[in-house]
Every structure is written in structure tokens, then in C-alpha cells.
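Enquirer: What follows is a predicted structure for the sequence shown.
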Amino acid sequence: MLSEDHSVPVASLAIVYDVGARNEEKGRSGFAHLFEHMMFEGSKNVGKTEHFKFVEAAGGSLNASTHADFTNYFEKLPSNQIELALWLESDRMCSLAVTEEKFKNQLETVKEEKRMRIDNQPYTPAMLKFEELLFDNWANGHAIIGSFEVLESSSVDDVRRFFKTYYAPNNAVMAIVGDIDAGRLKEKIKRYFASIPRQDDPPEPSVAEPEQTQVKHLKVEDSHAQLPAFLIGWKAPPRRDPDYYALGILNIILSSGESSRLFQRMVKGDKVALQTLLWLDERRGPSAIQGFVVYKPENSAESVRSIFLDELSKLKSEPVSAQELQKAKNQFLRGLFSSGSHQSLQRSLARAEMLAEYGLFYKDPGLMDEDFEAYMNVAAEDVQRVARRYFSDNGITVVDVVPAQGKAATEAEPRTN
């Protein structure tokens, strides 16, 4: 997909592969994330780490990320250098160097990343346990970073098979936005990508989730946490479900900024918490509404949680005012269009990434406009309806995080109420 914007001499390329943690098989977790690293290990015409060197030497930037249901890569360059991105992406799509040495090297890199970003960070291991507990389907709940034991027991042939299955042109969508000539660029895209053979379509993962009918609760000791906290959440519908838009507006009302309901009540008003967060974990399959509260140790988890739940209950019993609803919609629009927002559609990269995602997920990037309109059409009764439907007493999942007294986390006994 190509979108011309000649306001500044910059162009962004985003390519999204239809592979994430949900595509992995039991006994093969972590492969999607491993490949985010492997894709920078060199290909037929590009040496190890040279992808970074070429882009940065041309004045550009790049990155990649792995998600539950996709993996994305991007380059942002001066527009007269966008052909460089085409060459780099096509070269690794058709000729990634998957060798035993590179596999073992990146396995060690992933191990180090897990130690730094997960194992040695407060609350992060508990967050992974929370997702495992919240989702009943392994495809939805297992950690993106995967299991070291699984990766170490895999062979380079397993890695090559994964690459051939998922890193094929028929399993990817590319969007280029910015100061481009779409007609000329189409010919260059054909030159670099047309000869790459398609592969058999990958199997479609099963991500169905059963309805939760009992409270799930877990207590975890955290040797890196200085203060107690809890994670709380409910299962939610997938992106573009009719309820999805009202939940997005509800999330803003509860947790966006210091004027939000949770901050005003728990941090500023009752002064029981130091941090309150609520977010909608957006996925094509079943999603989740997740909350995180760090509270003052003189309070009990139960008392703080009752305040949190009380604020959610108010949305069930009292419709939000027209002013508060409009404020939430304005905040949504600001995130989409303010120049200071990372996801602002004023930025060529944000537009490229969104176009590629809609193209991959729904085969129709025009649905972006329909979705924006759907958010603007959310009414107060919609917010009240989804609060009643999804914030159910029996659908709650909770993980309590307790600072460990000089030892690693050991207590993790699940129970149901």
C-alpha cells in the first residue's frame, strides 16, 4: 500500500508479518520473538548488523517488535533513500541467513534480554503470570519471549521451517507513506519483491476463549519490588467488535492522565495508591482489559482493590456526563492527530504502520475511517452497557504482588473463589 504525502522529504516503510505468539505451537514458544532478532543477522547481500548500519548511514531510523498476533519491522528514511529499505527488506525476506551459529548467537541474546527486561525488573514477571492466568487458551496466554528450555531444545531445521512458513510474501503486508511517487515506486517494488516465491498459507491458529465463570487469583512474591501491587483484569472482545469502541472510551475515562477517575480517586483523593493504570490489550482474537495498581504498604490489597472496583461500579450505575464523554473523545483524537503523539497520523511512520496492520488484519485499510467514526459515535449508554457486561464479579482475574523479604519469588499458588 502506497500513500503520498509531500509535506516533508521523508518516507516510512512498515512491513507486518502475520505471525505472533498466537501462531506458535506448544513446545515451540518464543520462535516469533526469536525471529525478530534473527532478521537482523544478515542475508545473501547484507552482513550481520549491516541492516542498521545502512539505514543509519543514510540518515534513517529502524526498529522491530513482536506482538501476540503479528510482528512488524520499519525503516524511516529521507525520501530519496526509500529504495534502500526495499532492497534490505526484500533481501532478508528471500535469503535470510539461518545458520546454527546465528541461531545460537541470537538465543543467547534473547536470554540476556529476558534477564534484563523481565527477570530483573519489578512486577514484570508477575505481569507474565497474570496473562497466563487470565487466558485459558495457551495460544493467547503464553509469554511472547518464550521458554529458554524450548528454544535450547530446538534445532536449526526447526528455525528454518518457521522462517519458510511465516516469512513469505503471501503472509505479509507492506505500506510506504511519505514523499514518494507511487507510480515509480510500484515498479521498484516489483523489481525487488516479484521474484520471491509464495509459500503454502500457514495454518490459522485457534484462539477461542471460554467464558470465565469463577474468580482467578494468584499471589506472587517479587524480590525486586519495593512496594506491593496488584494486577486485575477481564477478558474482552477482539478489535472491531461492536463493544470494542465503547471499551476504548471507557478506558480513557478511567485511566487517561491525572484527571482520570482512577487517578483522582486512588492517588489524589483517598491517597492509597502511587500508580494506577488501566489499558485495553488490543488483539484480533480475544483481548483483555488489564489494570495495574501500586499501593502504599499501610493498606491491604483487599481495601485498595475495593476502591478500584468501586470506581468501575460507578460506570455501571451512573451514565457518564456529556462533558466527560466529549473529553474522552477529544483525548482519543489528540492521540491520533497531535504532533506530539508517537502514534500521530501526522507522522508518516504511524500512518504506514496502521495501514499495514489494517491491510493484514482486515484486507481493507479503509476500515480505519470507519473505526474513527465509531469511536466518535459512542454514547453514554454504550459506556454503561459495556461496563455492566465486562466488569463482571465472576470474570475477574487478580495477581497480588508482594515484595519478597530478601529472596526470590516462591509463592505462586492459584486459587479460585
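Expert: Noted; the coordinates are in hand.

Enquirer: Please report how far residue 78 lies from residue 404.
Expert: As judged by C-beta to C-beta, to the nearest Å, residue 78 and residue 404 stand 50 Å apart. Where C-beta positions appear, they are placed from N, C-alpha and C, glycine not excepted.

Enquirer: go on, residue 293?
Expert: According to C-beta to C-beta, residue 293 and residue 404 sit 19 Å apart.

Enquirer: Among these two, which residue is more densely surrounded?
Expert: Taking other C-beta atoms under 10 Å, residue 293 and residue 404 do not tie; residue 293 has more neighbours (25 against 16).

Enquirer: Chain neighbours aside, what residue packs nearest to residue 264?
Expert: Once flanking residues are discounted, residue 264 sits nearest to residue 258: 7.6 Å by C-beta to C-beta, 6 or more residues apart in numbering.

Enquirer: I figured residue 288 hits residue 281, correct?
Expert: Yes - between residue 288 and residue 281 there is a contact under C-beta atoms under 8 Å: 4.4 Å.

Enquirer: quick one, which of the two is more surrounded?
Expert: Remark: of residue 288 and residue 281, residue 288 carries more neighbours, 23 against 15, as counted by other C-beta under 10 Å.

Enquirer: Who are the packing partners of the helix or strand in which the more buried one is found?
Expert: Using DSSP states H and E, residue 288 maps to strand 287-295. Counting contacts by 3 or more C-beta pairs under 8 Å, 6 or more residues apart in numbering; DSSP states H and E, strand 287-295 packs against helix 124-134, strand 229-236, helix 244-255, strand 273-281, helix 301-317.

Enquirer: Take those and lay them out in JSON lines including mean pLDDT.
Expert: Formatted as JSON lines, the helices and strands packed on strand 287-295 follow (pLDDT from 0 to 100):
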{"stretch": "helix 124-134", "mean pLDDT": "96"}
{"stretch": "strand 229-236", "mean pLDDT": "98"}
{"stretch": "helix 244-255", "mean pLDDT": "98"}
{"stretch": "strand 273-281", "mean pLDDT": "96"}
{"stretch": "helix 301-317", "mean pLDDT": "97"}
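
Enquirer: could the ones you listed be laid out in a markdown table, adding distance to residue 46?
Expert: Shown next, in a markdown table, are the helices and strands packed on strand 287-295 (distance: least, C-beta to C-beta, whole Å):
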| stretch | distance to residue 46 |
| --- | --- |
| helix 124-134 | 33 |
| strand 229-236 | 41 |
| helix 244-255 | 40 |
| strand 273-281 | 35 |
| helix 301-317 | 50 |
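
Enquirer: Of all these, which one is nearest residue 157?
Expert: Checking the helices and strands packed on strand 287-295 against residue 157 by C-beta to C-beta gives helix 124-134 as the closest, at 28.7 Å.

Enquirer: now stretch 235-253: how far from the chain's centre is it?
Expert: The chain centroid and the centroid of stretch 235-253 are separated by 15 Å under C-alpha atoms, centre = their mean, to the nearest Å.

Enquirer: Would you mind listing the buried residues in that stretch?
Expert: Across stretch 235-253, burial judged by 16 or more other C-beta atoms under 10 Å covers 235-240, 243-253.

Enquirer: Dump the C-alpha coordinates for that stretch into CSV.
Expert: Output in CSV follows, covering the C-alpha atoms of stretch 235-253 (Å, rounded to 0.1, in the frame of the first residue of the first chain):
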residue,chain,number,x,y,z
LYS,A,235,-11.5,-10.9,29.1
ALA,A,236,-12.6,-8.5,26.4
PRO,A,237,-13.8,-8.8,22.8
PRO,A,238,-11.4,-8.6,19.8
ARG,A,239,-10.6,-5.4,17.8
ARG,A,240,-13.5,-4.1,15.7
ASP,A,241,-16.1,-5.9,17.8
PRO,A,242,-19.1,-3.6,18.3
ASP,A,243,-18.3,-3.3,22.0
TYR,A,244,-14.6,-2.5,21.3
TYR,A,245,-15.1,1.2,20.7
ALA,A,246,-17.1,1.8,23.9
LEU,A,247,-14.4,0.0,25.9
GLY,A,248,-11.8,2.2,24.4
ILE,A,249,-13.6,5.3,25.5
LEU,A,250,-14.3,3.8,28.9
ASN,A,251,-10.6,3.1,29.3
ILE,A,252,-9.8,6.7,28.7
ILE,A,253,-12.3,7.9,31.2
